[in-house]
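[1] Pasting the sequence and the predicted coordinates here, then a few questions.
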Amino acid sequence: MHIPVTMDDGTVEVFTGYRVQHSISRGPGKGGIRYAPDVSLDEVRALASWMTWKCAVVNIPFGGAKGGVICDPKNMSQGELERLTRRYTASLIEFLGPEKDVPAPDMNTNEQTMAWIMDTYSMHMGQTVTSVVTGKPVSLGGSRGRREATGRGVATVTDQALKFLNMNASETTVIVQGFGNVGMHSARLLWERGYKVIGIGEYDGALYNADGIDIGELVEWKTRRGTIHGFAGAGPFDKDELLTQPVDVLIPAATENVITSRNAERLQCRILVEGANGPTTAIADEILADKGVFVVPDILANAGGVTTSYFEWVQDRMGYFWAEDDVNQRLERVMIESFDAVLQYAVQHNVNNRLAAYMLAIDRVAFTTKQRGIYA
Ligand code: NAD
């Protein structure tokens with residue numbers, strides 16, 4: 001779609017945006033909206049299909065969708081972003097809705113963006129409809145526990161992997177790449193559960209301490225200073241070398257394509273938990289399989305976010321909001337059940353965990369598609 005926006009200087013700029021609904025077989029489309037200069041239709045299509053499989057793996061009643069607008073949000077004012085968001089939403093008004101397609105934040109969109117979408121949609125409907133988007137502020141129908149949900153899911157599947165491999169948290173070392181939403185909460189929750197977090201990587205450098213890093217203090221440091229650098233509880237380290245250090249659990253939680261044919265052979269982790277979307281390339285994946293690394297694939301490992309989005313949608317529709325403990329317990333249950341289902345597929349079909357996760361997801365989507373039949 002083409003989205004005309006009056007910029008602050010009075011000129012009109014026309015942006016290009018997309019929304020792709022990949023599957024609505026199991027329920028309404030679900031997926032984030034990203035604002036970035038390199039958004040393309042193909043990327044949005046790929047991300048939409050990813051959402052279909054992710055929602056199916058954790059067995060929540062959503063299909064897959066994704067949206068994006070080609071723009072440079074870092075060079076836009078709040079007013080410009082608001083007008084862009086509202087016009088994009090208005091263009092999509094027939095296609096969005098709690099029973100049709102439910103967006104969420106993604107790269108460069110946030111709680112405020114979701115509040116604007118909710119308000120624009122509500123204005124068109126003539127009533128407040130909070131369940132049209134998830135990832136809203138808690139004061140506007142958001143869910144408690146959503147912010148840390150992806151990290152909590154990562155921590156839960158890591159616990160399950162340890163159980164499966166007969167390992168102990170207190171004797172397990174962890175390296176996390178990325179100290180943003182997913183990486184920070186994953187690292188903090190694992191540290192609280194007794195894991196020894198020895199390395200943290202960021203885009204501009206890393207920290208390493210073989211004796212373990214006090215993640216509670218590091219979170220405070222980053223919150224106050226906006227960076228992990230200069231923290232006294234660990235030494236500076238090369239960010240690329242960090243991934244290939246000896247460690248039990250490696251958690252890429254930053255961005256895609258960081259484990260590639262160039263470094264996969266040198267990885268020394270026993271378990272790889274993919275907090276980010278698509279951190280491992282296809283070739284690297286084969287190398288890891290040959291090395292016998294136990295992989296918890298992204299569509300399972302980081303599905304805690306969309307699962308709590310589902311809880312947000314449920315709470316909005318009920319108009320009754322759960323305590324944080326309730327949200328966390330329900331999330332934990334979904335992640336454990338999904339981990340077990342994927343492992344069962346892997347054993348039953350003698351395939352690796354990633355293939356098992358896709359087989360499980362495709363089976364679930366295919367099953368409902370067949371069950372619904374063809375309307376003729
Ligand atoms: P974020 O922007 O909050 O954090 C990303 C962090 O990674 C930042 O601290 C950044 O400095 C760091 N980083 C970026 N590039 C890096 C690089 N090349 N090397 C090392 N560090 C780098 O983003 P997020 O929400 O934490 O998302 C991280 C990943 O998890 C993305 O792939 C995202 O798609 C995925 N994901 C996020 C959620 C969620 O709920 N936030 C859910 C599912 C998947």
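    Alright, I've got the coordinates. Residues are numbered from 1 along each chain as shown.

[2] Looking at the protein, which residue is nearest the ligand?
    Residue of the chain nearest the ligand, by C-beta to the nearest ligand atom: G180 (1.7 Å). Placement of C-beta: from N, CA and C, glycine included.

[3] Go ahead and confirm that residue touches A276.
    No - with contact defined as C-beta atoms under 8 Å, G180 does not count as touching A276 (9.7 Å).

[4] how about the residues of this protein near the ligand?
    Residues of the chain lying near the ligand by C-beta under 6 Å from any ligand atom: 150, 177-183, 201-203, 239, 253-255, 275-277, 302, 305.

[5] Mark which of those residues are part of helices, please.
    Of those, the ones assigned to helices by DSSP state H are T150, N181, V182, G183, K239, G305.

[6] and those as TSV, adding pLDDT and neighbour count?
    Formatted as TSV, these follow (pLDDT from 0 to 100; neighbours: other C-beta atoms under 10 Å):
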residue	pLDDT	neighbour count
T150	96	26
N181	92	17
V182	95	27
G183	97	24
K239	97	19
G305	96	26
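
[7] Greatest separation within these: which pair is it?
    K239 and G305 (24.4 Å; C-beta to C-beta).

[8] follow-up on the earlier one: quick check: neighbours shared by G180 and A276?
    Counting by C-beta atoms under 8 Å, 6 or more residues apart in numbering, the contacts common to G180 and A276 are A253, A254.

[9] Show me which of those two is the more surrounded one.
    In terms of neighbours (other C-beta atoms under 10 Å), A276 is the more surrounded of G180 and A276; the figures are 25 against 16.

[10] which residues sit in contact with the residue nearest to K74 when sequence neighbours are not counted?
    In space, and not counting its chain neighbours, K74 is closest to N108: 7.9 Å by C-beta to C-beta, 6 or more residues apart in numbering. Residues in contact with N108, defined by C-beta under 8 Å, 6+ apart, are R34, Y35, A36, P73, K74.

[11] what's the spacing between the second one and I198?
    Think Y35. 35 Å (C-beta to C-beta, to the nearest Å).

[12] Compare these two (neighbour count), which wins?
    Remark: of Y35 and I198, Y35 carries more neighbours, 27 against 23, as counted by other C-beta under 10 Å.

[13] Show me what the more buried one is bridged to.
    As for beta bridges, Y35 partners with V69 under DSSP bridges.

[14] tell me the contacts of it?
    Counting by C-beta under 8 Å, 6+ apart, Y35 makes contact with G68, V69, C71, P73, L81, L84, M107, N108, T109, T113.

[15] distance of the second one from T6?
    Summarising the geometry, the distance separating V69 from T6, computed by C-beta to C-beta, is 16 Å.

[16] How about the third one?
    With distances taken as C-beta to C-beta, C71 is found 14 Å from T6.

[17] ok, now the fifth one?
    Here L81 is placed at a distance of 13 Å from T6 (C-beta to C-beta).

[18] of all the ones in helices among the residues of the chain next to the ligand, which comes closest to A264?
    A264 lies nearest to K239 out of those, by C-beta to C-beta, at 16.8 Å.

[19] Quick check: that closest one touching I200?
    No - at 9.7 Å, K239 does not count as touching I200 under the criterion of C-beta under 8 Å.

[20] got any residues that touch both of those two?
    Common contacts of K239 and I200, defined by C-beta under 8 Å, 6+ apart, comprise Q177, A206.

[21] where do the helices sit along the stretch 1-150 of the chain?
    41-57, 78-91, 111-125, 149-164 (DSSP state H, counting those that start in this stretch).

[22] any chance of those in CSV, with distance to W221 too?
    Below are the helices of the stretch 1-150 of the chain laid out as CSV (distance: least, C-beta to C-beta, whole Å):
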stretch, distance to W221
helix 41-57, 32
helix 78-91, 28
helix 111-125, 24
helix 149-164, 18
